[in-house]
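Colleague: structure, please.
(one chain, ligands or ions: 3)
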Amino acid sequence: MADKNKYQNRRQFVKRAGRLIISLPVAYLSVSILRKTSAREFVWQIDPLKCTQCGQCETNCVNTPSAVKCVHSFEMCGYCDLCSGFLRQGVKIIDTAAENQLCPTAAITRKFVEEPFFEYTLDEKLCIACAKCVKGCTAFGNGSLHLQIKHELCNNCNQCSIAIACPSEAIQRVSVSNPYKPKAGFQTDS
Ligand code: SF4
Ligand code: SF4
Ligand code: SF4
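Modeller: Ligands and ions are numbered 1, 2, ... in the order given. Model prediction:
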């Protein structure tokens, strides 16, 4: 009788273990399919109206340089001579000398259009996402310079490390069919 019980217990154990061995890969497969599906349907993006230009987009991306770039909404720009996104505060002479520019990498080009208007264009390859120009433009200008994650540069990480660091919760997942959150249509050189 004792032998029979032992035999039955062993059979039950083998049956349960078998079920566990079958169900574990199925559960793993479901989680990875879910992850891949959500990665395909959603991408990370910055809401420029929530961004407070803290500078962490430069340093917290897993990529160097960051997948975040400054973009420019020409529809909003004032084409100002005294551009607070281009010039350092308190400059004596308004010109394009490196010491007068706010951008540490000279990624912004200033071009005369007609009196008194100047056009400012961005070289995306030079931008490191420091947000200095965005801060200047937001504080004293029309706020036409702003940050966006460029998807051709972004790994679409399962969890965006900038989103974790962002003090303004300005980075969220958005639909891949509408992957940008521009303030208005923006210039891109990609
Ligand atoms: S981390 Fe957030 S608040 Fe800071 S610059 Fe990036 S988007 Fe803006
Ligand atoms: S100031 Fe910073 S964010 Fe603006 S264009 Fe230059 S590198 Fe990019
Ligand atoms: S998802 Fe990854 S690669 Fe893309 S911006 Fe965030 S940290 Fe950088």
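
Colleague: give the contact list for the residue nearest to the spatial centre of the chain.
Modeller: The centroid of the chain falls nearest to residue 149 when counting by C-alpha atoms, centre = their mean (3.3 Å). For residue 149, the contacting residues are 43-46, 67-68, 160, 171, by C-beta atoms under 8 Å, 6 or more residues apart in numbering. Backbone N, C-alpha and C define where each C-beta goes, glycine included.

Colleague: pull the most distant pair out of these.
Modeller: 43 and 68 (12.8 Å; C-beta to C-beta).

Colleague: okay, those two: which has more neighbours?
Modeller: residue 68 (30 against 19; other C-beta atoms under 10 Å).

Colleague: now the more buried one: how far from ligand 2?
Modeller: From residue 68 across to ligand 2, the span is 8 Å (C-beta to the nearest ligand atom, to the nearest Å).

Colleague: then residue 95?
Modeller: 17 Å.

Colleague: cool, and residue 87?
Modeller: Taken as C-beta to the nearest ligand atom, the span from residue 87 to ligand 2 is 11 Å.

Colleague: bridged to that residue, which residues?
Modeller: Beta-bridge pairing for residue 87 (DSSP bridges): residue 101.

Colleague: contacting residues for it?
Modeller: 94, 100-102, 136.

Colleague: what is the lowest-pLDDT residue among these?
Modeller: The member of these with the lowest pLDDT is residue 94, at 84.

Colleague: distance check, it against residue 81.
Modeller: Residue 94 sits at a distance of 6 Å from residue 81 (criterion: C-beta to C-beta, to the nearest Å).

Colleague: what parts of this structure come near ligand 1?
Modeller: 46, 51-57, 131, 147, 162, 165-168, 170-171 (C-beta under 6 Å from any ligand atom).

Colleague: ok, which stretches of this structure are helices?
Modeller: Ranges of helices within the chain are 2-41, 56-59, 132-140, 161-165, based on DSSP state H.

Colleague: which residues are contacting stretch 177-185?
Modeller: So stretch 177-185 is contacted by 43, 45-49, 71, 73-76, 143-144, 146, 148, 151, 174, 186 (C-beta under 8 Å, 6+ apart).
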